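# Predicted model follows, preceded by the sequence.
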Amino acid sequence: MNERDSEAISAALEAGGLSATACENDADVLVFNTCSVRETAERKAVGKIGIMKKLKKDRPDLIIGVAGCMAQRMKDELFAKLPHIDFVAGTGQIHKIPEIINGIIGKREKIMNVGETSEDEKELLDGFGGHLYGDGKISALVSVMRGCNRFCSYCIVPYVRGTENSRPQEIVLREIRNLADQGIKEIILLGQNIAAYGLDNSMLGRKKSPFAELLGKIEDIDGILRVRFTSPHPAYFSDDLINAVVSLPKVCKNVHLPMQSGSDNILKKMNRPYTSAEYLAIVENLRKGAPEMTFSTDVIVGFPGETEEDFLQTRDLMNKVAFDNAFIFKYSPREGTKAANFADDVPKTAKEERNQILLKDLALRAEKHNKAMLGSLVEVLVEGPSKRNSEKWCGRTGTNKVVIFEPDGKISTGDILELKISRATSMSLYA
Ligand code: 5AD
Ligand code: SF4
């Protein structure tokens with residue numbers, strides 16, 4: 001989500017005549033797009049922006065702005081914390097950043113803009129703009145909705161990103177058709193509660209899940225080869241959606257399904273309205289329809305009141321699903337959320353230990369899964385030269401595995417290749 005917003009900020013600045021620099025020392029304008037999900041993310045951002053004080057001292061004309069969730073959450077408190085910044089732009093004001101910068105150039109005043117999403121942002125979101133192309137880019141992020149109505153008890157997102165707002169289906173499809181015309185092959189659909197796409201507006205009451213319907217329509221767009229999406233909430237993963245994911249050929253057979261915990265007790269306290277059995281049933285139904293399906297997830301360890309038994313239930317559910325990847329987070333209380341009123345009673349050492357146990361399980365499993373692929377044929381979408389070694393190229397399977405291979409001189413970024421896996425480690429596959 002933040003990556004997509006950063007792209008939209010860059011595109012808006014480029015449209016206003018600015019161009020990107022390779023290094024912050026060369027820039028006339030620095031915009032920090034921030035995340036508030038965990039305290040560590042905020043601390044890192046404050047640290048990084050703090051370092052910029054020296055640049056600003058050497059070059060007083062440098063314009064420094066803070067955008068995104070932290071801007072929305074802390075508002076003018078940020079000016080007190082970081083006196084060298086010039087502007088604060090909230091989550092609904094991305095499109096206003098060029099205008100804000102012009103205002104600063106004219107008056108050299110500090111500017112704060114953290115209002116609701118305005119009509120002209122809707123225009124920007126509804127238009128074709130806001131994407132960057134070039135450098136053999138084949139994959140594009142497309143935001144289908146903003147905000148979240150779920151209010152999981154630990155989460156700051158609904159407070160900083162507002163309520164759910166789905167973009168009309170035709171407008172999303174138009175944007176994707178336009179991306180296909182620009183040579184994009186893979187679409188990654190984004191929404192905080194993406195499986196609830198369309199349930200907040202006129203699509204409500206339709207028989208079919210509006211998100212499943214959207215996937216079906218994207219399937220028909222020529223030039224698009226693959227579709228991924230993130231993040232669906234298990235409570236909205238209907239049979240309709242399961243059918244769409246397993247049966248539509250362009251929809252990748254890899255689902256990121258945040259579980260958060262494997263303990264029903266903790267799920268209830270998290271305000272996540274599903275049980276571990278219901279979660280597992282979604283996974284099993286997806287696997288029944290597409291046996292090659294791989295899964296990744298988000299997990300929080302050390303949520304208030306999480307006992308050793310609760311943690312073992314999380315570990316057990318992770319083993320049952322056999323995730324290929326997982327983002328494991330140590331619980332971080334966020335001011336203003338419901339869980340911030342619960343005692344943060346799991347000691348730091350226990351959070352760290354639980355984190356390490358799950359990471360180790362994951363690494364062992366990844367190695368086992370990757371080794372099982374030795375000798376098999378896989379279909380990859382070619383992404384281009386490997387970042388580590390430009391003589392090798394990399395591609396990605398629909399199941400979201402990166403495969404490193406030697407190019408034969410005839411292939412190009414965006415091609416689909418069939419490769420035979422010849423070597424496997426816990427981190428990578430080689431062909
Ligand atoms: N503490 C730790 N992790 C959190 N997440 C959200 N809020 C918190 C928090 N307060 C995690 C969830 C979510 C992911 C994006 O971040 O796992 O799915
Ligand atoms: Fe946060 Fe996701 Fe829950 Fe929404 S569904 S409140 S974004 S964790």
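Received the coordinates, thanks. Ligands and ions are numbered 1, 2, ... in the order given.
# all contacts plus neighbour counts: C-alpha atoms, from now on.
Fine.
# for the stretch 101-250 of the chain, what spans make up the strands?
111-113, 139-143, 145-146, 165-166, 186-190, 226-230 (DSSP state E, counting those that start in this stretch).
# tell me what the fourth one is packed against?
What that stands for is strand 165-166. strand 145-146 (3 or more CA pairs under 8 Å, 6 or more residues apart in numbering; DSSP states H and E).
# now what about the strand it packs on, what contacts it?
161, 162, 163, 164, 165, 166, 167, 190, 191, 192, 194, 197 (CA atoms under 8 Å, 6 or more residues apart in numbering).
# Residue numbers of the stretch 151-300 of the chain in contact with ligand 2?
Residues of the stretch 151-300 of the chain that fall close to ligand 2, judged by CA under 6 Å from any ligand atom: 151, 152, 155, 157, 158, 192, 193, 233.
# out of the residues you listed, which are inside helices?
Those of these mapping onto helices are 157, 158, per DSSP state H.
# Generate a markdown table for the residues of the stretch 151-300 of the chain next to ligand 2, with neighbour count, distance to ligand 1 and pLDDT as supplementary columns.
Formatted as a markdown table, those follow (neighbours: other CA atoms under 10 Å; distance: CA to the nearest ligand atom, whole Å; pLDDT from 0 to 100):
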| residue | neighbour count | distance to ligand 1 | pLDDT |
| --- | --- | --- | --- |
| 151 | 17 | 10 | 96 |
| 152 | 20 | 8 | 98 |
| 155 | 23 | 4 | 98 |
| 157 | 22 | 8 | 96 |
| 158 | 18 | 11 | 96 |
| 192 | 24 | 9 | 95 |
| 193 | 20 | 10 | 96 |
| 233 | 20 | 9 | 97 |
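# Where does pLDDT dip in the stretch 151-300 of the chain?
Counting by pLDDT under 70, the stretch 151-300 of the chain contains low-confidence ranges at 201-207.
# Mind jotting down where the helices sit in it?
157-161, 169-181, 210-219, 239-247, 264-269, 276-289 (DSSP state H, counting those that start in this stretch).
# Quick one: closest of these to residue 43.
helix 157-161 (17.1 Å; CA to CA).
# Show me what the closest one is in contact with.
With CA under 8 Å, 6+ apart, helix 157-161 has contacts from 36-37, 69, 72-73, 91-92, 146-151.
# what does stretch 39-50 give?
32, 34, 35, 36, 70, 82, 332, 333, 334.
# how about the residues of the stretch 1-150 of the chain near ligand 1?
For the stretch 1-150 of the chain, the residues in contact with ligand 1 (CA under 6 Å from any ligand atom) are 37, 38.
# Any residues of the stretch 1-150 of the chain in contact with ligand 2? List them.
Going by CA under 6 Å from any ligand atom, the residues of the stretch 1-150 of the chain near ligand 2 are 148, 150.
# which stretches of the stretch 1-150 of the chain have low pLDDT?
108, 116-129.
# show me where the stretch 301-431 of the chain has helices.
308-321, 348-371.
# So which of those is nearest residue 211?
helix 308-321 (24.0 Å).
# And the closest one, what does it pack against?
Short answer (3+ CA pairs under 8 Å, 6+ apart): helix 308-321 packs on helix 276-289.
# So which of the strands of the stretch 101-250 of the chain is the most surrounded?
Mean neighbour count (mean count of other CA atoms under 10 Å) peaks for strand 145-146 among these, with a mean of 23.
# Just put the strands of the stretch 101-250 of the chain in JSON lines and tack on distance to residue 395.
Listed next are those as JSON lines, based on distance: least, CA to CA, whole Å:
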{"stretch": "strand 111-113", "distance to residue 395": "41"}
{"stretch": "strand 139-143", "distance to residue 395": "12"}
{"stretch": "strand 145-146", "distance to residue 395": "29"}
{"stretch": "strand 165-166", "distance to residue 395": "32"}
{"stretch": "strand 186-190", "distance to residue 395": "12"}
{"stretch": "strand 226-230", "distance to residue 395": "13"}
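# nearest to residue 310, of those strands?
strand 226-230 (26.4 Å).
# Distance from stretch 353-360 to the middle of the chain?
23 Å (CA atoms, centre = their mean, to the nearest Å).
# one step back: need the helices of the stretch 301-431 of the chain in a markdown table (columns: mean pLDDT, distance to residue 105 and mean neighbour count).
Output for the helices of the stretch 301-431 of the chain, formatted as a markdown table (pLDDT from 0 to 100; distance: least, CA to CA, whole Å; neighbours: other CA atoms under 10 Å):
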| stretch | mean pLDDT | distance to residue 105 | mean neighbour count |
| --- | --- | --- | --- |
| helix 308-321 | 98 | 53 | 17 |
| helix 348-371 | 96 | 46 | 16 |
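# nearest to ligand 2, of those helices?
Closest to ligand 2 of the helices of the stretch 301-431 of the chain is helix 308-321 (CA to the nearest ligand atom; 16.7 Å).
# got a winner among the contacts of stretch 39-50 for most neighbours?
residue 70 (25 neighbours; other CA atoms under 10 Å).
# from memory that one sits against residue 36, does it?
Yes: Residue 70 is within contact range of residue 36, at 5.4 Å (criterion: CA atoms under 8 Å).
# Count the residues that sit near residue 198.
Look at residue 198: counted by other CA under 10 Å, it has 25 neighbours.
# Understood, closing this out.
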